[in-house]
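Trainee: Turn this into a model:
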Amino acid sequence: MQTTNELPPISVIVLAHEQCDDLRRNLPAVLQQEYSGHFEVIVVDMNSTDDTKLLLEQMEKRYPHLHTIIIPGTVRNISPSRLALTLGMRAASYECVALTTADCCPATSLWLHRLGECFARKESTQIVLGYTRSEGGKGWSGLRHRFFRTWQQIQNLSYARRHGGYRADGTNLCYSRSLFLEHRGFADDANLLMGATDIMVNRHSNGRNTEVCLHPESFMIQHLPPYRGRWHEERIFFMETRRHFRRTVLFRLRYFVAAGQAWFATLCATAGVTAGILLQNTTVAILSVALWMAYNTLCSYLFNRKVKALGEHPFTFTYPLLVHLIPSWDTTAWLQWLFTKRQVFRKKFI
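Mentor: Numbering: from 1, shown residues only. The predicted structure is shown next:
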């Protein structure tokens, strides 16, 4: 590793709620990062009732650069996650702020070093988007979650390289403290329960102030949640968050094409086979099937090459099926959101 004294000092904000076990397992890896510059770690506890407070008190004695903030349960008019981020940002000592959550663990001890390098690369950089790898989960639920998250992050990060971020995974993100304070944090949507980092990046990221960090040492690892309903909940809440985005047309057009091209190829192949049968032309039918298989093989190869570069397990045989299911997953989430009361997505006033 080549260290440099020019790396910016960094404040790391870790959000936690009822996650004592996660903090015990993952927080030491954050605190023990090999970083040549100064860094501090701020854990914002969102009114946990488990042993989180006791654990943090014990760890503060061992790590002098660890600080904690406790949010009371009587918060009014603002969602806990947004208040946690706001308090963390205001308490941060440094301009560069790295955001993550208690259930995430850096893939290496150089996670912070790589983010700091990326943040310091250009003076105009105010946002750095990182990659988070999902681990755990069993059976169909785990496979679906891993694939869809990987596919989405590939779409988001490739788009961000040219146009700025459309949204962000709040588990691996660097954000400028002054940029956050300049735009008054979450003043416009303070009571939305989820999607805080998505909105931060969507509204203030552009091609000039945003960098994408895809060095393998900069990855985060997040264990999949134990209950299956979490995936559906995240999808429905994102549909509500998306309503508040300001830059949507170009990304959603690209997303629609990427999500629908597998179905388009299948429909073309089906039309070719049908025409071959009706015209009693076996060559047309066989050629249509062959082209469809070649197309799926090529797409699977290109996608899994990116997946391997990101340290994920490849979806060698399941890719053709999973990619065809993306439109149905999005449509199902949209329909569930459509028939859900809007009050569900907002902090209830006390």
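Trainee: Farthest from the middle of this protein: give me that residue.
Mentor: For the chain, the C-alpha farthest from the mean C-alpha position belongs to Gln280; by C-alpha atoms, centre = their mean, that distance is 50.3 Å.
Trainee: Let me know the secondary structure of that residue.
Mentor: Applying DSSP: H, G, I helix; E, B strand; the rest coil to Gln280 yields a three-state assignment of coil.
Trainee: Backbone dihedrals for it, please?
Mentor: According to degrees, to the nearest 10, the main-chain angles of Gln280 amount to phi 50, psi 40.
Trainee: can you pull the contacts of it?
Mentor: Contacts for Gln280 were tallied using C-beta atoms under 8 Å, 6 or more residues apart in numbering; there are none. Backbone N, C-alpha and C define where each C-beta goes, glycine included.
Trainee: and Ala294, how far is that from Gly272?
Mentor: Ala294 is 13 Å from Gly272, where distance means C-beta to C-beta, to the nearest Å.
Trainee: of those two, who's got more company?
Mentor: In terms of neighbours (other C-beta atoms under 10 Å), Gly272 is the more surrounded of Ala294 and Gly272; the figures are 20 against 10.
Trainee: where does the stretch 251-350 of the chain have low pLDDT?
Mentor: Under the criterion pLDDT under 70, the flagged ranges of the stretch 251-350 of the chain are 347-350.
Trainee: For it, which segments are assigned as helices?
Mentor: Assignment of helices within the stretch 251-350 of the chain using DSSP state H, counting those that start in this stretch yields the ranges 282-309, 319-338.
Trainee: Now tabulate those helices in TSV and tack on distance to Arg346.
Mentor: As requested, the helices of the stretch 251-350 of the chain are arranged in TSV below (distance: least, C-beta to C-beta, whole Å):
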stretch	distance to Arg346
helix 282-309	36
helix 319-338	14
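Trainee: Quick one, which of the ones you listed gets closest to Ile69.
Mentor: Relative to Ile69, the nearest member of the helices of the stretch 251-350 of the chain by C-beta to C-beta is helix 319-338, separated by 32.1 Å.
Trainee: what's the burial count for His113?
Mentor: When neighbours are defined as other C-beta under 10 Å, His113 has 25 of them.
Trainee: One more: Arg342?
Mentor: Other residues within reach of Arg342 by the criterion other C-beta under 10 Å amount to 9.
Trainee: Then Gln33?
Mentor: For Gln33, using other C-beta under 10 Å, the count is 20.
Trainee: Quickly note the distance from Asp45 to Ala16.
Mentor: Using C-beta to C-beta, one gets 5 Å for the distance from Asp45 to Ala16.
Trainee: between the two, what contacts are shared?
Mentor: Common contacts of Asp45 and Ala16, defined by C-beta under 8 Å, 6+ apart, comprise Thr52.
Trainee: I'd say His38 and Tyr94 touch.
Mentor: Yes: with contacts defined as C-beta atoms under 8 Å, His38 counts as touching Tyr94 at a distance of 7.4 Å.
Trainee: My guess is Glu18 contacts Asp51. True?
Mentor: No: applying C-beta under 8 Å as the test, Glu18 and Asp51 come out as separate, 10.0 Å apart.
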